[in-house]
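Chemist: give me coordinates for this.
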Amino acid sequence: MALTRIRLRPSGIKPRCVWSTTVKAPAWSPDSWLRQPAHLCWLNDEGLRLLPFARGAKVEQGFAALDAHGRLPEGAIAELIHTTRMTHCFALAHIQGVPGYAALVDHGLAALRGALWDEAHGGWFADATRSGGKSAYLHAFVALAASSARVAGRPAAQALLDDAIEIIERHFWSEEEGALRESFNRDWRDEEAYRGANSNMHGVEAFLALADVTGNALWLQRALRIAERLIHRHAAACGHVVVEHFDAHWQALPEYNADNRADPFRPYGSTPGHAFEWARLLLHLEAALTQAGLVAPDWLLADAKGLFASACQHAWQADGAPGLVYSLDWNQQPVVRARLHWVHAEAVAAAAALVQRTGEAAYEQWYRQGWAFITEHFIDLHGGSWHHELDEHNQPAARIWAGKPDLYHAYQAVLLPRLALAPSLATVLAADVTRR
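Modeler: Below you'll find the model as predicted:
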């Protein structure tokens, strides 16, 4: 598989900003993009370009999905996924000192304590219609948003954080399984007979943040148990291909959603984007455990490398065209050939984490190639934000994701390469800003 190696040329132009990192650089090449002020400033500028587009998602009861032009469709309603992710991202912007985002964080917190909160049974509704069940996936994002808002110093954050922790511990965390249960009906009486890697992956992300804001290392131990089950036990045994779907007894369901292969949250087969995301989270977990004085197993790094290698090998140009396909079958053949922005965002973030952790040149090459593809195909300098989906010919499409509703993946992709692997994103941003 050919890689494009890109070299920076000295320009003599002084960059507009210098972003300091919070860790000593490993022995990577001195021409790494992660050590180039111009590249770090480019990441910063792209983040600042993304933020104003996302402001349009505000509705009375939270944040809703934007169309491809950054407008609210007629009848747009607040959704939990967008309200939590926008609140999280706007909190990160406020922590960095970007003016105008504190009020948006507070708006998100008010929605999460109001229109989206189920005052009768506890937990959060999926949207402002206040119907449906309660999922671990969405509740993990509530915990993440509350954690980031707490680091941002927003007054309502602590109460939300307390509620999120209480709901996770009462309903979703299974001490016996060492993982999250998937979903329940509104009154918590009926549980779905399913276990998902996606919800547990975002549980790891949330638990890393909770460990930082609470000072309780129990969340790190829980994150490690999830990672051990999903990755070290299952994915590693399958050639570092993430197994996504399980029954309630953790028996794999390889044919799950075979009749709904392009599902945006539970697609059939394997999802290379999640392999990249898991790889990065394993490195964050390793760093967090080490920082806390706890034992970080050697398999965290080994499995992170294995996941990244497997996803690159099987998903990049899997159908002959550049880019990473959305999903693969169990013979590593493309199922859904669409290129999704979040998959590529997670690929560059994972590559950056591996560059930081190992200093190995191969990850630098993947990092550069990933950004080259994103800038050519996803970044929309005319319409704003990033195209969320491309078809198999790398042309904008909307078969899986209509519009441009998501800030979370793209914004984190421009933040993470500039920062240490631990503590978690909001906390490390706050510490970095403090030192400058």
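Chemist: return the residues in contact with His69.
Modeler: 383-384 (Cβ atoms under 8 Å, 6 or more residues apart in numbering). All C-beta atoms are positioned from the backbone trio N, CA, C, and that covers glycine.
Chemist: please redo it, this time with the cut-off set to 10 Å
Modeler: 53, 56, 383-385, 403-404 (Cβ atoms under 10 Å, 6 or more residues apart in numbering).
Chemist: how about those, which pair is most distant?
Modeler: Greatest spacing in the contacts of His69, by Cβ to Cβ: Gly56 and Gly383 (12.4 Å).
Chemist: shared neighbours, those two?
Modeler: By Cβ under 10 Å, 6+ apart, the residues touching both Gly56 and Gly383 are 69-70, 404.
Chemist: nearest to Val142, of those?
Modeler: Closest to Val142, out of all of these and judged by Cβ to Cβ, is Lys404, at 22.8 Å.
Chemist: can you report how many residues lie near the closest one?
Modeler: 28 (other Cβ atoms under 10 Å).
Chemist: how far away is the closest residue to it other than its chain neighbours from Phe246?
Modeler: The spatially closest residue to Lys404, leaving aside those adjacent along the chain, is Ser385, at 4.5 Å (Cβ to Cβ, 6 or more residues apart in numbering). Counting by Cβ to Cβ, to the nearest Å, the separation of Ser385 from Phe246 is 34 Å.
Chemist: between those two, point out the one with more neighbours.
Modeler: Each of Ser385 and Phe246 has its neighbours counted (other Cβ under 10 Å); Ser385 has more, 27 against 21.
Chemist: so who does that one touch?
Modeler: Here Ser385 is in contact with 49-54, 56, 66, 68-70, 341, 378-379, 403-407, 410-411 (criterion: Cβ under 10 Å, 6+ apart).
Chemist: contacts only, for Ala157.
Modeler: Taking Cβ under 10 Å, 6+ apart as the test, what Ala157 contacts is 87, 91, 105-106, 109, 112, 145-151, 213.
Chemist: now pLDDT and secondary structure too, for these, in CSV please.
Modeler: Below are the contacts of Ala157 laid out as CSV (pLDDT from 0 to 100; DSSP: H, G, I helix; E, B strand; the rest coil):
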residue, pLDDT, secondary structure
Thr87, 99, helix
Ala91, 99, helix
Val105, 99, helix
Asp106, 98, helix
Leu109, 98, helix
Leu112, 98, helix
Ala145, 99, helix
Ala146, 99, helix
Ser147, 98, helix
Ser148, 98, helix
Ala149, 99, helix
Arg150, 98, helix
Val151, 98, helix
Val213, 98, helix
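Chemist: in ChimeraX, select just the buried ones from the residues you listed.
Modeler: Remark: buried members of the contacts of Ala157, expressed as a ChimeraX selection using 16 or more other Cβ atoms under 10 Å:
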select :87,91,105,106,109,112,145,146,147,148,149,150,151,213
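Chemist: most widely separated two among the contacts of Ala157?
Modeler: Farthest pair in the contacts of Ala157 (Cβ to Cβ) is Asp106 and Val213. Separation: 17.6 Å.
Chemist: which other helices and strands contact the helix or strand of the chain with the lowest mean pLDDT?
Modeler: In the chain, no helix or strand scores lower on mean pLDDT, DSSP states H and E than helix 425-435, which sits at a mean of 82. Packing contacts for helix 425-435, counted by 3 or more Cβ pairs under 10 Å, 6 or more residues apart in numbering; DSSP states H and E, involve helix 80-95, helix 136-151, helix 197-214, helix 272-291, helix 408-415.
Chemist: give me the buried positions along it.
Modeler: So for helix 425-435, counting by 16+ other Cβ under 10 Å, buried means 425-432.
Chemist: equivalent analysis for stretch 391-398, please.
Modeler: So for stretch 391-398, counting by 16+ other Cβ under 10 Å, buried means 392, 394, 397.
Chemist: next, Trp316: phi, psi?
Modeler: phi -70, psi 130 (degrees, to the nearest 10).
Chemist: neighbours of it, how many?
Modeler: 20.
Chemist: please apply the same query to His388.
Modeler: His388 has 24 nearby residues by other Cβ under 10 Å.
Chemist: ok, it - contacts?
Modeler: 68, 338, 340-342, 378, 380, 396-398, 400-406, 409-410.
Chemist: so Trp330, which state does it fall into?
Modeler: Judged by DSSP: H, G, I helix; E, B strand; the rest coil, the three-state class of Trp330 is coil.
Chemist: pretty sure it is touching Glu244, no?
Modeler: No: using Cβ atoms under 10 Å as the test, Trp330 is too far from Glu244 to be in contact (11.4 Å).
Chemist: the more surrounded of these two?
Modeler: Taking neighbours as other Cβ under 10 Å, Trp330 and Glu244 compare with Glu244 leading, 26 against 14.
Chemist: looks like that one contacts Pro272 (just checking).
Modeler: No: contact criterion Cβ under 10 Å: Glu244 and Pro272 do not qualify, at 11.2 Å.
Chemist: what do those two both touch?
Modeler: With Cβ under 10 Å, 6+ apart as the test, Glu244 and Pro272 both reach Ser327.
Chemist: quick revisit: got TSV for the helices and strands packed on helix 425-435, with distance to Val348 too?
Modeler: As requested, those are arranged in TSV below (distance: least, Cβ to Cβ, whole Å):
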stretch	distance to Val348
helix 80-95	17
helix 136-151	20
helix 197-214	17
helix 272-291	9
helix 408-415	6
